[in-house]
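Peer 1: any chance you could fold what I've pasted below:
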Amino acid sequence: MVGYSNFPKENSDALETSSIPNDCNGRNTCQNMDNISDKINGSTVLTISGELEKCKDVEEVKVESLHDVKSIDSIESVKSLESAKSLNAQTEKNLDCLKNEKWYFVALQVAVPFLIAGMGTIGAGLILGMVEEFEVFMKIDALFILVPAIIGLKGNLDMCLASRLSTQANLGNMVGKREVMKMIIGNIGLVQVQAIVAACVVSIYAVCISALVMKHEVDIEHAMLVICCSILTATLSCFCLDFLLTAVIIVTHRLKLNPDNLATPLAASIGDVVSLSVLSVFARYLFKIIDTHAWIFYVVIAIYLFIMLPFWIIVVLKNKYTKTILTHGWVPVLSALFISGMSGLVLDKAVDDYRGFVVFQPIVNGVGGNLVSVQASRISTMLHKSSLPGILPPHTKQWVWPWTALISGVLSAKTARILILMIIPGQFIFVFVADVIYNQGVSTVTPIFVLTYILVGVIQVMTLLYIAHLMIHFLWKLKIDPDNSAIPYLTALGDLLGSSFLLVAFMFLRKIGWEYTPVV
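Peer 2: A predicted model of the protein is given here:
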């Protein structure tokens with residue numbers, strides 16, 4: 001349906017401009033449009049319809065924009081009916097591309113990075129199983145609260161970057177080396193700013209929770225160690241992996257593959273093992289020098305807050321692709337940190353009561369965040385390709401029953417079905433691999449444990465996929481870009497739900513006498 005809205009002349013400057021739709025191969029279809037006027041009297045919001053004849057009497061129209069300067073090429077007005085028809089026709093073509101995407105092609109693209117990322121989550125679980133015996137983790141409980149939050153922060157920032165760049169690639173905007181470099185540098189700088197600020201916040205949060213909830217005495221040097229470890233882990237792991245992600249997105253786009261299916265799951269879980277490894281190395285090393293060189297903590301924190309942070313802020317503010325996000329992208333990231341922090345409380349409670357919990361918790365959380373991030377990125381790209389912020393296209397709905405969102409009824413349900421089916425064999429493989437490696441070649445899992453574990457994974461993923469459908473459509477109607485806002489909430493909820501469901505499963509297994517009993 002095509003909607004028309006007239007705005008008073010004095011409000012016309014407030015309207016934003018929109019990216020021009022692209023064809024299935026990502027080429028821009030309206031690059032040669034000329035005679036564009038700076039003065040407008042009305043606005044036209046285009047979706048999908050054959051009612052374009054209604055705009056014959058509109059002399060000067062303007063297409064409302066994708067938020068946060070979504071494309072390099074934007075238009076300020078469209079004067080002719082032919083141009084409007086061309087935009088509408090291209091939108092329909094983009095929708096046909098999405099509808100005709102073969103299920104097995106999607107499954108294959110998602111399965112490979114899913115399995116690779118799954119092995120990454122297994123590695124994270126095994127590392128967490130080892131570091132729980134480290135002296136620094138035993139003496140500073142705030143580090144255990146920090147673990148899910150810092151891993152979640154790292155995943156959120158990288159997945160948002162992957163989702164933003166994947167959307168740009170699917171919209172056909174990754175053309176020209178100069179513009180691509182600007183896009184990459186701006187996004188990496190943005191991630192560094194968010195990582196420094198959020199790492200400080202989450203480490204202070206972990207220390208406060210340790211003191212207030214667990215009634216542990218606050219040690220200033222321990223608190224400085226936690227803050228220092230948090231900043232170093234977030235910034236260094238993000239900086240290294242962001243270059244890998246941008247390379248994956250560029251290569252997959254040039255190979256005519258969908259970056260949404262590849263880059264986002266890699267960002268979701270490969271970073272887990274890297275982040276946890278970096279955190280454990282820094283925590284162990286800094287704890288060794290805490291009695292003799294504690295001043296190093298203050299120097300590192302000062303360098304990041306007073307040198308690196310201002311530098312990256314300047315880089316981001318001078319970049320047209322990220323300067324708006326810098327002022328609008330904080331609420332989701334910081335909110336997600338507090339949700340992930342609650343997951344840390346669950347982990348801290350379970351680590352002493354249930355052996356082996358720390359091995360499987362990162363796997364459940366990582367796999368859930370992995371799959372929901374794929375769906376979130378694909379729904380966001382679909383909305384960007386077929387409509388404009390604030391307007392839901394007619395081929396999808398916001399308020400639907402779980403069956404409609406996950407099985408059959410809306411366009412995104414096809415991908416949801418694939419992801420739900422993928423979780424069963426995936427978790428079956430992961431639980432056995434993690435168990436055998438953790439027990440040094442001996443398998444100790446029982447059939448009832450495997451069934452309970454897979455059930456936890458399925459319930460978690462189905463819940464997250466349904467929440468993702470509702471949340472992304474809700475944000476789109478509010479003209480909030482889901483690429484920047486949805487994934488932090490979803491992955492944080494995945495951490496909290498995964499940890500909570502897994503704890504309930506371990507409690508249930510103990511009640512019925514089938515508790516997991518590792519041999520190590």
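
Peer 1: rest of the way, CA atoms for contacts and neighbours
Peer 2: OK.

Peer 1: excluding its backbone neighbours, what's nearest Ile184?
Peer 2: Distances taken as C-alpha to C-alpha, 6 or more residues apart in numbering place Thr246 nearest to Ile184, at 7.1 Å, with adjacent residues excluded.

Peer 1: so which bits of the host helix or strand of the one you found are buried?
Peer 2: Taking DSSP states H and E as the definition, one finds Thr246 inside helix 220-254. Using 16 or more other C-alpha atoms under 10 Å as the burial criterion, the residues of helix 220-254 that qualify are 221-235, 237-239, 241-242, 245-246, 248-250, 252-253.

Peer 1: stretch 485-497 too?
Peer 2: 485-497.

Peer 1: want to try JSON lines for these, with secondary structure and pLDDT as columns?
Peer 2: Formatted as JSON lines, those follow (DSSP: H, G, I helix; E, B strand; the rest coil; pLDDT from 0 to 100):
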{"residue": "Ser485", "secondary structure": "helix", "pLDDT": "82"}
{"residue": "Ala486", "secondary structure": "helix", "pLDDT": "86"}
{"residue": "Ile487", "secondary structure": "helix", "pLDDT": "81"}
{"residue": "Pro488", "secondary structure": "helix", "pLDDT": "83"}
{"residue": "Tyr489", "secondary structure": "helix", "pLDDT": "88"}
{"residue": "Leu490", "secondary structure": "helix", "pLDDT": "89"}
{"residue": "Thr491", "secondary structure": "helix", "pLDDT": "83"}
{"residue": "Ala492", "secondary structure": "helix", "pLDDT": "85"}
{"residue": "Leu493", "secondary structure": "helix", "pLDDT": "89"}
{"residue": "Gly494", "secondary structure": "helix", "pLDDT": "88"}
{"residue": "Asp495", "secondary structure": "helix", "pLDDT": "86"}
{"residue": "Leu496", "secondary structure": "helix", "pLDDT": "89"}
{"residue": "Leu497", "secondary structure": "helix", "pLDDT": "92"}
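
Peer 1: those residues into TSV, with extra columns for distance to Lys318?
Peer 2: Listed next are the buried residues of stretch 485-497 as TSV, based on distance: C-alpha to C-alpha, whole Å:
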residue	distance to Lys318
Ser485	22
Ala486	25
Ile487	26
Pro488	25
Tyr489	28
Leu490	30
Thr491	30
Ala492	31
Leu493	33
Gly494	35
Asp495	35
Leu496	37
Leu497	39
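
Peer 1: need the max-distance pair from the residues you listed.
Peer 2: Maximum pairwise distance in the buried residues of stretch 485-497, criterion C-alpha to C-alpha, is 19.0 Å, between Ser485 and Leu497.

Peer 1: just the CA atoms of stretch 373-385, as CSV, please.
Peer 2: The C-alpha coordinates for stretch 373-385 follow below in CSV (Å, rounded to 0.1, in the frame of the first residue of the first chain):
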residue,chain,number,x,y,z
SER,A,373,21.3,-13.1,15.6
VAL,A,374,20.9,-14.7,12.1
GLN,A,375,17.1,-14.2,12.2
ALA,A,376,17.4,-10.7,13.5
SER,A,377,19.8,-9.6,10.8
ARG,A,378,17.7,-11.2,8.1
ILE,A,379,14.4,-9.6,9.3
SER,A,380,16.2,-6.3,9.5
THR,A,381,17.5,-6.6,6.0
MET,A,382,14.1,-7.6,4.7
LEU,A,383,12.5,-4.5,6.2
HIS,A,384,15.2,-2.3,4.8
LYS,A,385,14.8,-3.7,1.3
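
Peer 1: list the contacts of the closest residue to Lys182 other than its chain neighbours.
Peer 2: Once flanking residues are discounted, Lys182 sits nearest to Asn319: 7.0 Å by C-alpha to C-alpha, 6+ apart. Contact analysis of Asn319 by C-alpha atoms under 8 Å, 6 or more residues apart in numbering lists Lys182, Met183, Gly186.
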